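Chemist: Predicted model follows, preceded by the sequence.
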Amino acid sequence: AAGVIQSPRHLIKEKRETATLKCYPIPRHDTVYWYQQGPGQDPQFLISFYEKMQSDKGSIPDRFSAQQFSDYHSELNMSSLELGDSALYFCASSLGYSGTQYFGPGTRLTVL
Amino acid sequence: KQEVTQIPAALSVPEGENLVLNCSFTDSAIYNLQWFRQDPGKGLTSLLLIQSSQREQTSGRLNASLDKSSGRSTLYIAASQPGDSATYLCAVEDFTGGGNKLTFGTGTQLKVEL
């Protein structure tokens, strides 16, 4: 069965650079969620989209923005990167905003 | 604000033991509770999902129970094996702020020794 796809799987950036993470949900899933997991931390909810509209927002810095496109894939844009942004970023998708969330493999972002 | 706590934070057991991991949450208005496994530096593997209307779920050597009214869940692992060594995370899904999201616990780091 098709799963959530995230790209890239690994990304290395310098401080103050920008990064774009992509998430392709399971086919027919219309809801996407982004989570950030810092080293030794539990995953923290960042933001979610349902039918291309932002549905909820968590502890997402103002330097980050995200959107969901007409094909339901989502992109997380991160600007003015800081060392503390180094983390594993997970995307999850669900069918409907109350459906079970299925997680992608994550993108590991390292900021040097 | 939902808070999820897991006890113990770390656990080391000899192979073959049965063990119980605990999860508690502060707001009982949840849709479901999910247990995940995470190997070091890796992604999240969903183990069991219990809907709010259910009391337990079983998969192989794993059994998870949910007592929503008391805000507790337990994950029971029977006949533990070295391959079970990983961090186990519980997460509750609730509807706040306009959309569903998962709130994770801080995890139990399990080591099963030969």
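Modeler: Nice, I can see it. Numbering: from 1, shown residues only, chains lettered A, B, ... in the order given.
Chemist: confidence score at B:Lys42?
Modeler: On the pLDDT scale, B:Lys42 is placed at 88.
Chemist: Surely it is in a helix?
Modeler: No - with DSSP: H, G, I helix; E, B strand; the rest coil as the criterion, B:Lys42 is located in coil rather than a helix.
Chemist: Identify the residues contacting B:Leu110.
Modeler: B:Leu110 is in contact with B:10-13, B:19, B:21, B:77, B:80, B:84-88, counting by Cβ atoms under 8 Å, 6 or more residues apart in numbering or on different chains. C-betas here are computed from N, CA, C, even on glycine.
Chemist: would you list those in JSON lines and tack on distance to B:Ala64?
Modeler: Listed next are those as JSON lines, based on distance: Cβ to Cβ, whole Å:
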{"residue": "B:Ala10", "distance to B:Ala64": "20"}
{"residue": "B:Leu11", "distance to B:Ala64": "16"}
{"residue": "B:Ser12", "distance to B:Ala64": "21"}
{"residue": "B:Val13", "distance to B:Ala64": "18"}
{"residue": "B:Leu19", "distance to B:Ala64": "13"}
{"residue": "B:Leu21", "distance to B:Ala64": "9"}
{"residue": "B:Ile77", "distance to B:Ala64": "10"}
{"residue": "B:Ser80", "distance to B:Ala64": "15"}
{"residue": "B:Asp84", "distance to B:Ala64": "14"}
{"residue": "B:Ser85", "distance to B:Ala64": "19"}
{"residue": "B:Ala86", "distance to B:Ala64": "15"}
{"residue": "B:Thr87", "distance to B:Ala64": "16"}
{"residue": "B:Tyr88", "distance to B:Ala64": "10"}
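Chemist: hang on, B:Leu89 is in a strand, isn't it?
Modeler: Yes - counting by three-state DSSP, B:Leu89 is found in a strand.
Chemist: so how many other residues sit close to it?
Modeler: 26 (other Cβ atoms under 10 Å in any protein chain shown).
Chemist: Hmm, it is touching B:Phe104, no?
Modeler: Yes - B:Leu89 lies in contact with B:Phe104 (Cβ atoms under 8 Å); the separation is 5.4 Å.
Chemist: Need the overlap of contacts for the two.
Modeler: Residues within reach of B:Leu89 and of B:Phe104 at once, by Cβ under 8 Å, 6+ apart, are A:Asp42, A:Pro43.
Chemist: Looking at the contacts of B:Leu110, which are in strands?
Modeler: B:Ala10, B:Leu11, B:Ser12, B:Val13, B:Leu19, B:Leu21, B:Ile77, B:Ala86, B:Thr87, B:Tyr88 (DSSP state E).
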